[in-house]
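> My questions concern the predicted model and sequence given below.
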Amino acid sequence: MKISFAKSIPAKTDILVVPVFENADFSPALQDLDAAADGAVSAAAKAQKFKGAAGKSLNLIGLPGIEAGRLLLLGAGKQSDLITDTAEKIGGRAIAATPLTAKTIAFALDGFGGVETSADEAAAHVALGARLRSYRFDKYHTLLEADKKPALEKLVIVGAPTGAKPAFAPLDKMADGVFLTRDLVSEPANILYPESFAKRCEELQELGIKVTVLGEAQMKKLGMGSLLGVGQGSIRESKLVAMEWMGGKKTDPTVAFVGKGVTFDTGGISLKPGPGMEDMKWDMGGAGAVTGAMAALAGRKAKANVVGVIGLVENMPDGNAQRPGDVVTAMSGKTIEILNTDAEGRLVLADAIWWTQEKYKPEVVIDLATLTGAIIISLAHEHAGVFTSDDDLWTQINQAGTSSKDTVWRMPLSKAHYDMIKSPIADMKNIGGREGGSSTAAAFIGNFVKEGQSWAHIDIAGMAWNKKDSPTCPKGGSGYGVRLLNDFVAQNYEG
């Protein structure tokens, strides 16, 4: 779908969308349309009691005097309350309401702005919301009938200020990163496994990202027994991938994002129940988010030094698989008693985070992982859980979560949680019992963070996959984390 900005409504438009503020006069564009239709628009609004309330819509077809086949009025709520999130939802709702046969859609945005959100920002975010909602993952549907395939080719933003187009440019690149993450999370595990995931990362070299891939032999030499133990039951070789975007000055600090990339998680010997196991193709959601974020940052030429590291493994119950009761030694030299092979993501992160600190000496480390079901019990599918002892870092992440709409919530992490994972035969065990499962998982990872290192763990288990459509995301991979990390870098590491 090509998105463009124009001064006037294209002659041939299948759908014309006009936002309407609640209990406000029609915009100049809508007044002109109403006049062209001999008052049919205002008459229909009155008959349907459409007053522009947020979430409400009025769909008008075949109006006289209007060339567009369909006029869609979308409630924008009170103009004083307009924020970028409202604009994105308007763009997304328009796409959701667009028939698959439509080829062109235009938004008439004359006068669309608010107190906190300028007209150019509003227009840019309408375009972003439309693009995000247009995503489809249907590459494996070979029998779709013609009328079931989306025909939308062009989206035109009409009547926006000249600043809207440049405001949309970085958002467009960010959407590229979201789409990449959604693609990765949606792929089946027979297509996306550690080696093929690493190759997808190597494609980012076209954006100027330096990509380094470590295989099992290299990781074994480095002593990564924690990560390698997870993948030893799979025929797929485990990988560690580093993606470097050095867009800042040489003297600027480095930010490190680390992602859990379990491309399929059976639970290993501690086998998961069969029902729902197919969902475990998205247990690499943290790695997917880091990869998408790196693409977004490089795509928009972020003026910051950022490295993304992902540990890629497949957790399978082979005869060579890791057993409950095994003891492994991590790259840091610490020993781990494995009590449950389904608590594997933290084992991957242990070595990936330690290696990242050793190699890059970052100012801050943030890891993302679909780590625990316990975080879903705590926060449902509304927020990701953030665990950190760094109050300033939490404030920065929370601010990025608010601006990006990738919402977060701070969770407890204390000495008590570290004590709960002490082992009688090793330095630690990989689970701490049913109580506080998300916090003890975070404490486990914290054992591999060097003293004085600023670090946060973000558990995105409840956010990586949408179980139903939302205004800006169809059911499926959400792309969560890309916007969060993008805003975190923009707000804290770019002038």
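Noted; the coordinates are in hand.
> what residues does the worst-scoring helix or strand of the chain on mean pLDDT touch?
Of all helical and strand segments in the chain, the minimum by mean pLDDT, DSSP states H and E falls on helix 28-36, at a mean of 93. Residues outside helix 28-36 that contact it (C-beta atoms under 8 Å, 6 or more residues apart in numbering): 16, 18, 20, 25-26, 40-42, 65-66, 71, 73, 108-111, 158-159. Every residue, glycine included, has its C-beta placed from N, CA and C.
> which ones among these are found in strands?
Among the contacts of helix 28-36, DSSP state E puts 16, 18, 20, 71, 73, 108, 158 in strands.
> Pick out the residue closest to the middle of this protein.
For the chain, the residue nearest the mean C-alpha position is residue 480 (2.2 Å; C-alpha atoms, centre = their mean).
> Mind pulling up the pLDDT for that one?
Confidence at residue 480, expressed as pLDDT, is 98.
> Run through the residues that contact it.
When the contact criterion is C-beta under 8 Å, 6+ apart, the partners of residue 480 are 181, 285, 289, 384, 406, 460, 463-464.
> What are the phi and psi values at it?
Backbone torsions of residue 480, given as degrees, to the nearest 10, read phi -60, psi 140.
> The nearest residue to it once chain neighbours are set aside: helix or strand, and which one exactly?
Of all residues beyond its chain neighbours, the one nearest residue 480 is residue 463 (4.1 Å), with distances taken as C-beta to C-beta, 6 or more residues apart in numbering. For residue 463, there is no enclosing helix or strand under DSSP states H and E.
> repeat for residue 180
helix 164-186.
> same question, residue 106
Using DSSP H and E, residue 106 falls in strand 104-108.
> State the mean pLDDT of that strand.
96.
> could you check the angle strand 104-108 makes with the helix or strand following that strand?
Toward the C-terminal end, the helix or strand that comes next after strand 104-108 (DSSP H and E) is helix 119-133. Counting by axes from the mean of the first three to the mean of the last three C-alpha atoms, to 10 degrees, helix 119-133 lies at 150 degrees to strand 104-108.
> any idea of the angle helix 119-133 forms with helix 164-186?
Going by the same axes, to 10 degrees, helix 119-133 makes 20 degrees with helix 164-186.
> Restrict helix 119-133 to CA atoms and write it as CSV.
The C-alpha trace of helix 119-133 is given here as CSV (Å, rounded to 0.1, in the frame of the first residue of the first chain):
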residue,chain,number,x,y,z
ALA,A,119,-2.4,19.0,12.7
ASP,A,120,0.8,17.6,11.1
GLU,A,121,1.3,15.1,13.9
ALA,A,122,-2.3,14.1,13.8
ALA,A,123,-2.1,13.4,10.0
ALA,A,124,1.1,11.5,10.3
HIS,A,125,-0.3,9.2,13.0
VAL,A,126,-3.5,8.7,11.0
ALA,A,127,-1.3,7.4,8.2
LEU,A,128,0.7,5.3,10.7
GLY,A,129,-2.5,3.7,12.2
ALA,A,130,-3.8,2.9,8.7
ARG,A,131,-0.5,1.3,7.8
LEU,A,132,-0.3,-0.8,11.0
ARG,A,133,-3.8,-2.1,10.6
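> Please point out which parts of the least confident helix or strand of the chain sit buried.
Burial within helix 28-36, assessed by neighbour count using 16 or more other C-beta atoms under 10 Å, is assigned to 29-30, 33-34.
> chain center to it, what's the gap?
The chain centroid and the centroid of helix 28-36 are separated by 39 Å under C-alpha atoms, centre = their mean, to the nearest Å.
> what packs against the helix or strand residue 263 falls within?
Assigned by DSSP H and E, residue 263 falls within strand 254-265. Contacts defined by 3 or more C-beta pairs under 8 Å, 6 or more residues apart in numbering; DSSP states H and E place strand 254-265 against helix 194-202, helix 285-299, strand 305-315, helix 345-360, strand 364-369, helix 482-492.
> Pairing partners for the shortest one, with directions?
Next to strand 364-369 in the sheet, as set by DSSP bridges, lie strand 254-265 (parallel), strand 454-459 (parallel).
> now the shortest one and helix 345-360, what's the angle there?
This means strand 454-459. Put simply, strand 454-459 runs at 150 degrees to helix 345-360, going by the same axes, to 10 degrees.
> ok and strand 454-459 relative to helix 482-492, angle-wise?
Going by the same axes, to 10 degrees, strand 454-459 makes 160 degrees with helix 482-492.
> try the first one
Interaxial angle of strand 254-265 relative to helix 482-492 (the same axes, to 10 degrees): 170 degrees.
> export strand 254-265 as PDB, just CAs?
Taking Å, rounded to 0.1, in the frame of the first residue of the first chain, the C-alpha atoms of strand 254-265 are listed here in PDB:
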ATOM      1  CA  THR A 254      26.100   2.100  23.700                       C
ATOM      2  CA  VAL A 255      22.600   0.800  24.400                       C
ATOM      3  CA  ALA A 256      22.100  -2.900  24.400                       C
ATOM      4  CA  PHE A 257      18.900  -4.800  23.800                       C
ATOM      5  CA  VAL A 258      18.900  -8.600  24.300                       C
ATOM      6  CA  GLY A 259      16.100 -10.900  23.200                       C
ATOM      7  CA  LYS A 260      15.000 -14.400  24.000                       C
ATOM      8  CA  GLY A 261      14.700 -16.400  20.800                       C
ATOM      9  CA  VAL A 262      13.300 -19.800  21.500                       C
ATOM     10  CA  THR A 263      12.000 -20.500  18.000                       C
ATOM     11  CA  PHE A 264       9.900 -23.300  19.300                       C
ATOM     12  CA  ASP A 265       9.400 -24.400  22.900                       C
END
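> Return the distance of that strand from the chain's centre.
With C-alpha atoms, centre = their mean, you get 13 Å for strand 254-265.
> Quick one: mean pLDDT over it.
98.
> circling back to that earlier point, most packed of the helices and strands packed on strand 254-265?
Counting by mean count of other C-beta atoms under 10 Å, helix 285-299 has the highest mean neighbour count of the helices and strands packed on strand 254-265, with a mean of 31.
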